[in-house]
Structures are given as structure tokens and as C-alpha cells.
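Novice: build me a model:
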Amino acid sequence: MSPIANVMIPGVPSNCNCCLSQFHKKVQGEREAKFGPPYGCDTGQTVRGATWIRLTLNPTDSPCDQNPGLVPRGSVLKADGNTIRRADGFAHFFGQFTISAPPPAGTLLFKGRVEVIDRIGTHHPPFCQEVCNQPEHLEGWLVGKGQGNLSSLILRALIVAKGYMPPDGKVSAIDGFLNGVLIRCPDC
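Specialist: Residues are numbered from 1 along each chain as shown. Model (predicted):
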């Protein structure tokens, strides 16, 4: 057995007529990590630990959310997983997520996999002004499958946010956007 685990994510069927709509939500929330003891790497001292992320999703004024009612105002994204973090703040989170309708109903809407990288910037000169190790910045992606009435949907989205990886056992804020695609494959 390989020491690197394989992870299944929802695929897009190749034999169906699928439709696309843009997905765009404002996200605000927080995260916490509980790290184990530091260990040495050739790139510097590193730690690893259990991490949770909780984000509230809200609509934006943008026309980029073409189906805003599918994930209503106040829906909650919860992610649980693991983070590997270097002493300079460069970090990688990977885990599972759910998006649920707002309380009190809390109906499960999507579930899948998520990854987030801290201190990364992808909008470099000459197009934008981010540096490759942008402080207080995180980017990542999630891929999930609709649940219940949304089972014909696949969600693929990028997360871009302001925030920093908190010190061990502390909570830090996240403020940003989820921007992606909802893929509906009704013929499958």
C-alpha cells in the first residue's frame, strides 16, 4: 500500500449533457489549528495538526452568482482536516467540507474535498501586484457533490481570502470569496 493516500472527488460525467452556472459567494468566518511538536525539514522548522474552518456564505452584488437560491444567505461551510505549516507561515490545509443551509434547518447541501494554501499569491506582475508568498492571503479550491435535492449538481470553486494561519490553539479570521461553477448533469 502506498504511503500517499488516494482521495476520491466527484468527477464530471463524459457521456451526459451537462449545464453550467457561475457560483459566487462572500465568505466570512474563522479557523483554528492544534499543532503537534515541531520537526525539521530542509525548508525550515515545520508543524502539523488538526484544523477546522467555519465560514458563513452570503450573496454578493455581483451578477456572477447565477443561481443564488441554491445556497441561501447564511449557509455554513464547515471543513475539518489537517494543516502542514512552516515557521514562516507557508501552509497547506487539506480535508473534507460540507455546506449546509442556515440554521435551524441546517439541511446538507454539498459535501466534498477542500485544499487551501496560506501565503500564496497567483496574480503576479505584469497583470496584478501579488507576490508569490503573499502575506495574510490564502487560496485554494473545493470540489463537492450536491446532496438530497441537489444531487444532480457538482460544485467546483476557488477560495480566495484574507487571513493568516493562527498560532497553535488560537482562532483567526477569514474574509474572502468562493467563486466557481455549478455543473448540473440532469441526464445522468
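
Novice: from here on, just use CA atoms for contacts and neighbour counts.
Specialist: Noted.

Novice: which parts of the chain are strands?
Specialist: Assigned by DSSP state E, the strands in the chain fall at 19-35, 46-58, 75-86, 91-100, 108-118, 137-146, 153-163, 171-184.

Novice: residue 64: which of the ones you listed is closest?
Specialist: Of all the strands of the chain, strand 19-35 sits nearest to residue 64, with 5.6 Å by CA to CA.

Novice: which neighbours does that closest one have in its sheet, and in what orientation?
Specialist: strand 46-58 (antiparallel), strand 171-184 (antiparallel) (DSSP bridges).

Novice: roughly how far apart are residue 54 and residue 66?
Specialist: With distances taken as CA to CA, to the nearest Å, residue 54 is found 24 Å from residue 66.

Novice: what about those two, which has more around it?
Specialist: More crowded of residue 54 and residue 66, by other CA atoms under 10 Å: residue 54, with 21 against 15.

Novice: so for that one, what's the nearest residue that isn't a sequence neighbour?
Specialist: Of all residues not flanking residue 54 in the chain, residue 78 sits nearest, at 4.7 Å (CA to CA, 6 or more residues apart in numbering).

Novice: tell me the contacts of that neighbour?
Specialist: Taking CA atoms under 8 Å, 6 or more residues apart in numbering as the criterion, residue 78 is in contact with 52, 53, 54, 55, 97, 98, 99.
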